[in-house]
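Trainee: Predicted model and sequence follow; I will ask about them next.
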Amino acid sequence: MESKCCSRCKEIKALDEFHIKRRSKDGHSPHCKVCEIERQRQYRKNHYGEYLAIKRRYRNTHQKEIASCRKLYYETHSDSVLATVHRYRARIAGVSIEDFDARDVWQYWGNICAYCGSTENLTLDHIVPLSNGGAHSPDNLCVACRFCNSSKSNKGLTEWMLWKARRAELEAAANI
């Protein structure tokens, strides 16, 4: 196994502990990975204000391009983005996660809101919310319109239906 001496810490280490740098004579960075990471950390710490100013300036001058790239990415990857978000939230909540195809859930519910029958702005909803211990599995998912899904929030199904009925009563009383 070949080795090399780091020019910062002066320790002799194996070549795989150095980043590849094709421009150098031996094809590796003069600093080991540990020293290079520490150098970059210190640089960011010492130049944090400049770094933020550069990012801010770029975002301000390229707002339209950034927005169109995000929109395009979301349109082409919406299923995988949402699946990643759901898996992350389930992992944080400490609930069980099953591997499944979300298209099966859509097909099962017939692409209509399970709560109000709408066919506009549909999303997937956890019947028992992840934050309340519901699993991320096809048994616990249904199709819901954005309004129903967001108004349900992390309420249980029974609690939300009672809330929705009470709200309808109050609106009817206010319109009389």
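Mentor: Right, received. Where do you want to start? Numbers count the residues shown, from 1 in each chain.

Trainee: and stretch 115-130, what's its mean pLDDT?
Mentor: Stretch 115-130 shows an average pLDDT of 92 in the prediction.

Trainee: buried ones in it?
Mentor: Neighbour-count burial for stretch 115-130, with 16 or more other Cβ atoms under 10 Å as criterion, is recorded at Tyr115, Leu122, Leu124, Asp125, His126, Pro129, Leu130. Where C-beta positions appear, they are placed from N, C-alpha and C, glycine not excepted.

Trainee: go on, stretch 104-112?
Mentor: Within stretch 104-112, the residues that count as buried by 16+ other Cβ under 10 Å are Val105, Trp106, Trp109.

Trainee: other SSEs contacting the longest helix along the chain?
Mentor: Counting residues, the longest helix found in the chain (DSSP state H) is helix 63-93. Helices and strands touching helix 63-93, by 3 or more Cβ pairs under 8 Å, 6 or more residues apart in numbering; DSSP states H and E, are helix 102-109, strand 122-126.

Trainee: One more pass at 7 Å, please.
Mentor: Using 3 or more Cβ pairs under 7 Å, 6 or more residues apart in numbering; DSSP states H and E, no helix or strand is in contact with helix 63-93.

Trainee: Run through the residues that contact Leu130.
Mentor: Residues near Leu130 by Cβ atoms under 7 Å, 6 or more residues apart in numbering: Arg89, Ala90, Ala93, Val95, His136.

Trainee: would a markdown table of these with pLDDT and distance to Leu15 be doable?
Mentor: Below are those laid out as a markdown table (pLDDT from 0 to 100; distance: Cβ to Cβ, whole Å):
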| residue | pLDDT | distance to Leu15 |
| --- | --- | --- |
| Arg89 | 86 | 42 |
| Ala90 | 87 | 41 |
| Ala93 | 87 | 44 |
| Val95 | 88 | 44 |
| His136 | 89 | 43 |
